[in-house]
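Trainee: Mind folding the following:
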Amino acid sequence: MRILARPSIIALFTVVGTALLTVVSTVTAAITLAATALMVPGTGTPNANIVAGYLQNAENYYITPFNPACSTANNCDVQGIDYPAQFWPIPLAGWGGLTGKKWNVSTGEGIANLNTALRAVLPTATADDPVVVMGYSQGGNIVSRYKRTLANLTDEQKSALSFVMIGNTNRPNGGLFERLAYLGTVPILDATFGLPAPTNTGIETTDIAFQYDGVADFPLYPLNVLADLNAIFGFWYVHGTYLTPNAHDETDLPDGYTEAELEAAMADPKNQRTYGDTTYITIPTRTLPLVQPLLDIGYTTHTIAIMRPLVDLISPVLRVLIDTGYNRAMNPGIPAPFELAPLLNPISLAVNLVKAAGQGVQAAINDLTGRGNSTGTTTTTTEDSTGGGATPAVAAAAVTSSKSAATKTTATDEMTVTTKKRSEHADKKAVAAVSTSVAQTDSTDSAGAAGTDTQNSDQPTDKTDKKPAKKDRHHKNGATGKAVASTGATGSTATKSTGTHPHKHAHQAGKSQGAKAKKAA
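Mentor: Residues are numbered from 1 along each chain as shown. Predicted structure coming up:
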């Protein structure tokens with residue numbers, strides 16, 4: 001019996017051992033192959049890992065819709081990249097004030113820390129279990145500059161890597177730091193302007209901005225004072241709320257968007273433009289930031305029944321005038337520093353203003369008669385003077401100068417190269433650590449941008465190799481939710497009313513100055 005039992009026991013242990021080995025191997029593989037997201041937060045948030053809701057919202061709102069492999073269901077590992085996240089000497093809460101670190105020092109440490117984190121995870125990443133690098137505000141500046149150093153990665157490595165930027169200071173057309181590119185590096189401030197996010201690396205990128213965000217969608221023509229003021233209020237009301245609610249800020253998403261509405265707006269092709277390796281998404285802002293204080297006053301003083309019709313009356317005309325501060329026909333991927341003023345077609349502008357005035361009157365009447373018009377959400381539809389269909393007011397009113405888009409881009413790029421030469425020394429320390437990045441790029445990469453800023457002048461407006469798959473993901477993940485009126489990247493606008501959230505406005509009005517400052521992420 002012993003002789004017969006021994007083989008049976010051995011066989012039993014063999015079966016059990018094999019089963020355990022299979023389970024352990026499966027669990028280990030699942031842990032090892034899970035997608036990873038590296039999130040660089042905005043100014044005032046040096047450690048996103050300890051802010052409840054911050055990384056979770058980044059994943060749910062902006063990462064998963066474009067990178068389904070990185071989701072909570074798939075156990076995506078979302079890591080915050082720590083760095084000072086300060087901007088001397090600005091005295092907003094969390095920004096450091098006179099004791100904070102200067103911009104180039106803060107972003108330089110962020111680049112070094114991001115480089116270390118990416119080197120640790122990229123070697124094991126695959127197209128099915130990728131690495132997503134995300135940057136918000138100052139974090140977008142860091143990610144934009146770091147992306148430039150990865151152009152020499154292999155195709156296999158690039159297929160396992162993607163970027164997402166929100167509220168990006170360095171958005172080529174709209175980012176405040178690119179608008180101020182003529183300044184180069186400001187010595188005492190120790191901040192380098194320019195350095196637009198590259199679009200020629202071959203690494204799939206999504207850049208997302210809310211319309212009129214004063215950091216990512218600043219006017220092109222600064223002489224338009226209304227547009228400037230609207231963007232300043234956009235910084236206050238919009239820029240700091242991309243990832244709300246979280247432990248730092250309990251307000252809703254901008255304009256009272258729900259998560260489903262946000263996803264639908266991002267998936268809407270009307271809000272998307274492609275340039276090189278980057279898809280730009282501009283989310284329509286339904287209430288002008290400039291009129292938001294009036295609504296706040298109305299909710300605080302219980303006079304909203306008066307303020308709402310007033311806001312709806314003036315908003316369409318204000319929107320037409322504000323939009324003349326932008327050139328929505330220009331692709332967001334083309335570097336565009338400040339220009340003096342547009343050449344306007346007075347006839348088209350007058351027609352647009354008359355239409356807008358009529359829409360405002362009708363919206364106010366709807367408010368007063370209880371027909372349910374939504375606060376401040378009426379947008380105008382304008383016709384291009386050339387008969388090309390509905391366009392934003394600036395496109396309808398602007399008279400294109402004799403120089404072509406290519407000539408404009410070339411001139412911009414010449415300026416950008418000059419800016420780069422002035423700022424090379426300022427960025428040398430910031431990107432020193434990047435010289436040993438996964439790409440093992442040569443010493444020219446350690447300058448952060450040396451010789452690479454002119455890539456945008458020759459980039460096509462569409463990319464045919466990897467973009468179709470990406471657009472499929474946009475539609476797949478944005479199928480749900482409420483559609484919103486498009487007033488963003490394509491330049492098309494529609495007359496539409498969508499509901500806002502009164503409790504949001506009241507809550508914002510009651511916040512202290514210190515709490516509001518935290519919104520300036």
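Trainee: Let me know the next secondary structure element after the helix or strand hosting residue 293.
Mentor: Assigned by DSSP states H and E, residue 293 belongs to helix 292-301. Per DSSP H and E, the first helix or strand lying C-terminal to helix 292-301 is helix 304-323.
Trainee: how about the helix or strand just after that following helix: buried residues?
Mentor: Beyond helix 304-323 on the C-terminal side, the first helix or strand identified by DSSP H and E is helix 346-368. By 16 or more other Cβ atoms under 10 Å, the buried positions in helix 346-368 come out as 348-349, 351-353, 355-357, 359-360, 362-364, 366-367. Bear in mind the C-beta positions are built from the backbone N, C-alpha and C, glycine included.
Trainee: Ok, stretch 186-199 next?
Mentor: 186, 190, 191, 192, 193, 194, 195, 196, 197, 198, 199.
Trainee: how close does the third one sit to residue 291?
Mentor: Spelled out, it's residue 191. 31 Å (Cβ to Cβ, to the nearest Å).
Trainee: same question, residue 213
Mentor: 16 Å.
Trainee: Which of those two has more residues huddled nearby?
Mentor: Just comparing residue 213 and residue 291: by other Cβ atoms under 10 Å the higher neighbour count belongs to residue 213, 32 against 21.
Trainee: show me what contacts that one?
Mentor: 167, 231, 234, 235, 238, 239, 285 (Cβ atoms under 8 Å, 6 or more residues apart in numbering).
Trainee: Using a markdown table, lay out those together with neighbour count.
Mentor: Written out in a markdown table, the entries for the contacts of residue 213 read as follows (neighbours: other Cβ atoms under 10 Å):
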| residue | neighbour count |
| --- | --- |
| 167 | 30 |
| 231 | 30 |
| 234 | 26 |
| 235 | 20 |
| 238 | 29 |
| 239 | 30 |
| 285 | 24 |
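Trainee: Let me have the residues you listed in a markdown table, adding distance to residue 307 as columns.
Mentor: Conversion of the contacts of residue 213 to a markdown table gives the following (distance: Cβ to Cβ, whole Å):
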| residue | distance to residue 307 |
| --- | --- |
| 167 | 28 |
| 231 | 22 |
| 234 | 20 |
| 235 | 22 |
| 238 | 20 |
| 239 | 24 |
| 285 | 19 |
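Trainee: In helices only, show me these.
Mentor: 231, 234, 235 (DSSP state H).
Trainee: ok, the second one touching residue 212?
Mentor: Yes - counting by Cβ atoms under 8 Å, a contact exists between residue 234 and residue 212, whose distance comes to 4.1 Å.
Trainee: shared neighbours of the two, which are they?
Mentor: By Cβ under 8 Å, 6+ apart, the residues touching both residue 234 and residue 212 are 285, 289.
Trainee: so where's the protein uncertain?
Mentor: 1-33, 372-521 (pLDDT under 70).
Trainee: what's the distance between residue 134 and residue 239?
Mentor: Taken as Cβ to Cβ, the span from residue 134 to residue 239 is 16 Å.
Trainee: same question but for residue 267, I mixed them up
Mentor: Following Cβ to Cβ, the distance that separates residue 267 from residue 239 is 22 Å.
Trainee: Equivalent analysis for residue 357, please.
Mentor: 30 Å.
Trainee: Equivalent analysis for residue 87, please.
Mentor: Counting by Cβ to Cβ - residue 87 and residue 239 are separated by 13 Å.
Trainee: Next, the distance between the ends of stretch 94-108.
Mentor: 18 Å (Cα to Cα, to the nearest Å).
Trainee: quick one: buried residues of that stretch?
Mentor: 94, 95, 96, 100, 101, 102, 103, 104, 105, 106, 107, 108.
Trainee: tell me the contacts of the fourth one?
Mentor: Under the criterion of Cβ under 8 Å, 6+ apart, the contact list for residue 100 reads 84, 86, 87, 88, 89, 90, 106.
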